[in-house]
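> Next one to model:
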Amino acid sequence: MMVSSDPATAKEQRQLAEITRAKREMQLLSGQWGLQDKLSAKILLYKYLEKMGEGRDKQKDRVCKALPWLEKFPSGKEIQIGQVTPKWFSNFQEFLEKDSGLSEQSAQSYSYAVRMALRKAVRENIIHEDPSADITGISIPEPDREFLEMNELIKLSKIDIGGTLGREVKRAFLFACYCALRISDIKSLVWHDIGHNTTGAQIIKRQIKTKKRVAVPLHESAWKLIDDGKEHPSEDPVFPLLSVSNTDTNKYLIRWAKRAGIHKHITWHAARRTCPTLLHELGVDIYTIQKICGHKRIETTLLYTKISDGKLRDAVNKLPTMEL
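Here you go, the predicted structure:
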């Protein structure tokens with residue numbers, strides 16, 4: 001800016017420059033303390049999350065479900081976005097984890113919802129830095145991923161489940177243990193999905209969950225579970241009762257396992273985990289197992305290929321004996 005030769009005008013220009021400099025210093029100072037937009041930073045954190053949750057499923061969305069817990073936390077409903085500090089967020093997370101009575105999964109989910117809001121506020125230049133960035137999240141222990149060992153599978157095969165639906169649940173579960181299908185794919189399996197080639201029967205099906213097409217050869221035992229010697233219309237379900245049932249059939253599985261003397265929490269997904277685990281123990285390579293399960297990522301398959309305690313013991317026993 002050129003300074004005027006007129007003393008009065010020059011004085012006004014210097015005053016204007018000083019005011020501009022002072023304003024810029026305030027902006028920089030605000031940025032240093034995490035405030036970009038001073039007006040927007042006064043928005044209540046609660047209201048900000050409430051706005052984020054508009055149009056979402058209030059019964060399922062983590063942002064919507066976090067709101068009541070933010071309201072229960074002291075200052076949770078009154079604090080402005082610009083007032084949130086790492087200490088405040090740490091205290092809120094500790095409240096969810098230790099004082100709310102929530103499960104670890106729920107506490108982690110609602111804590112993450114607030115993190116999402118703070119990150120969004122940074123992207124929108126409401127705050128300069130995310131106060132939750134350096135706060136370690138709530139850790140969740142690895143869940144038990146139950147599967148059946150071969151001797152347990154044989155035990156189950158010899159125990160009946162009462163009732164017409166129970167008999168079909170038994171067949172379908174054992175079938176799933178041989179082909180690693182999810183319950184959604186078992187229910188939607190139709191005879192058109194099962195074909196034969198030179199190597200035998202196989203399933204060719206697009207998975208309900210991932211929409212990925214899988215081709216799974218059927219073991220002779222799996223084929224015997226569904227083969228009744230009859231011709232079936234191609235669109236008929238392979239497990240007709242299960243395909244239309246709204247019953248929580250996991251209850252059948254729990255009682256069935258108990259009757260067989262198996263002390264595991266067996267669900268339909270345990271069948272899906274059993275197949276890759278048994279294949280892995282029998283020496284099948286992980287990439288082949290990935291194809292059978294229809295996993296997009298090999299890391300997912302690795303989570304499914306647990307090793308039994310007996311197999312671990314066999315491995316250790318291969319070490320040479322040392323004389324002491």
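> Quick check: nearest residue in space to the spatially most central residue of the chain, chain neighbours excluded?
Central residue of the chain (CA atoms, centre = their mean): Gln105, 10.1 Å from the mean position. Excluding its sequence neighbours, the residue lying closest to Gln105 (CB to CB, 6 or more residues apart in numbering) is Ile140, at 6.0 Å. Any C-beta I mention is one placed from the backbone N, CA and C, and that applies to glycine too.
> can you tell me which residues contact that neighbour?
Contact partners of Ile140, counting by CB atoms under 8 Å, 6 or more residues apart in numbering, are 104-105, 108.
> swap the cut-off to 10 Å and go again
Contacts of Ile140 were listed using CB atoms under 10 Å, 6 or more residues apart in numbering, and they are 103-105, 107-109.
> Next: Cys275.
Residues near Cys275 by CB under 10 Å, 6+ apart: 147-148, 176-181, 216, 219, 222, 289, 292-293, 304.
> Recalculate using a threshold of 8 Å.
When contacts are counted by CB under 8 Å, 6+ apart, Cys275 touches 176-180, 292-293.
> Return the member of those nearest to Leu44.
Comparing these against Leu44 with CB to CB places Cys293 closest, at 46.5 Å.
> Excluding chain neighbours, what is closest to the closest one?
Ala180 (4.9 Å).
> That neighbour touches Arg272, doesn't it?
Yes - Ala180 sits in contact with Arg272 when judged by CB atoms under 8 Å, with a separation of 5.2 Å.
> Identify the contacts common to those two.
What both Ala180 and Arg272 touch, as defined by CB under 8 Å, 6+ apart, is the set Cys293.
> According to the record, where do the domains of this structure fall?
40-123, 150-313 (automatic domain parsing).
> any chance of those domains in a markdown table, with distance to Leu324 and mean pLDDT too?
Formatted as a markdown table, these follow (distance: least, CB to CB, whole Å; pLDDT from 0 to 100):
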| stretch | distance to Leu324 | mean pLDDT |
| --- | --- | --- |
| domain 40-123 | 44 | 92 |
| domain 150-313 | 20 | 90 |
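> which of the contacts of Ile140 has the most neighbours?
Ala107 (23 neighbours; other CB atoms under 10 Å).
> Can you tell me the SS state at that one?
helix (DSSP: H, G, I helix; E, B strand; the rest coil).
> and it, what does it touch?
Contacts of Ala107 (CB under 8 Å, 6+ apart): 93, 96-97, 100, 138.
> same thing but at 10 Å, please
69, 93-101, 137-138, 140.
> excluding its backbone neighbours, what's nearest it?
In space, Ala107 is closest to Leu96, 4.1 Å off (CB to CB, 6+ apart).
> Give me the neighbour count for Ile254.
For Ile254, using other CB under 10 Å, the count is 15.
> right, and the domains of the chain - which one's nearest Asp6?
domain 40-123 (41.0 Å).
> my guess is Ile204 is in a strand, correct?
Yes - applying three-state DSSP, one finds Ile204 inside a strand.
> leaving aside the residues next to it on the chain, what's closest to it?
Excluding its sequence neighbours, the residue lying closest to Ile204 (CB to CB, 6+ apart) is Ala215, at 5.0 Å.
> which SS class is Arg115?
helix.
> residues contacting it?
By CB under 10 Å, 6+ apart, the contact list for Arg115 reads 89, 93, 130-133, 135, 137.
> Just the buried residues out of these, in PyMOL syntax.
This is how PyMOL selects the buried members of the contacts of Arg115, with burial counted by 16 or more other CB atoms under 10 Å:
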select buried, resi 89+93+130+131+132+135
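> Redo the contacts of Arg115 as TSV? Include distance to Val169 and secondary structure.
Putting the contacts of Arg115 into TSV (distance: CB to CB, whole Å; DSSP: H, G, I helix; E, B strand; the rest coil) gives the following:
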residue	distance to Val169	secondary structure
Phe89	47	helix
Gln93	42	helix
Asp130	49	coil
Pro131	51	coil
Ser132	46	coil
Ala133	48	coil
Ile135	46	coil
Gly137	39	coil
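> before we move on, back to that, just put the contacts of Ile140 in TSV and tack on distance to Lys264.
Output for the contacts of Ile140, formatted as TSV (distance: CB to CB, whole Å):
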residue	distance to Lys264
Ser103	21
Glu104	22
Gln105	21
Ala107	27
Gln108	26
Ser109	27
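> Show me which of those is closest to Thr277.
Distances from Thr277 to the contacts of Ile140, taken as CB to CB, are shortest for Gln105 (24.0 Å).
> surely the closest one meets Glu97?
No - the pair Gln105 / Glu97 is not scored as a contact, 11.3 Å apart, by CB atoms under 10 Å.
> Mutual contacts of the two, please.
By CB under 10 Å, 6+ apart, the residues touching both Gln105 and Glu97 are Ile138.
> That concludes my questions; thank you for your assistance.
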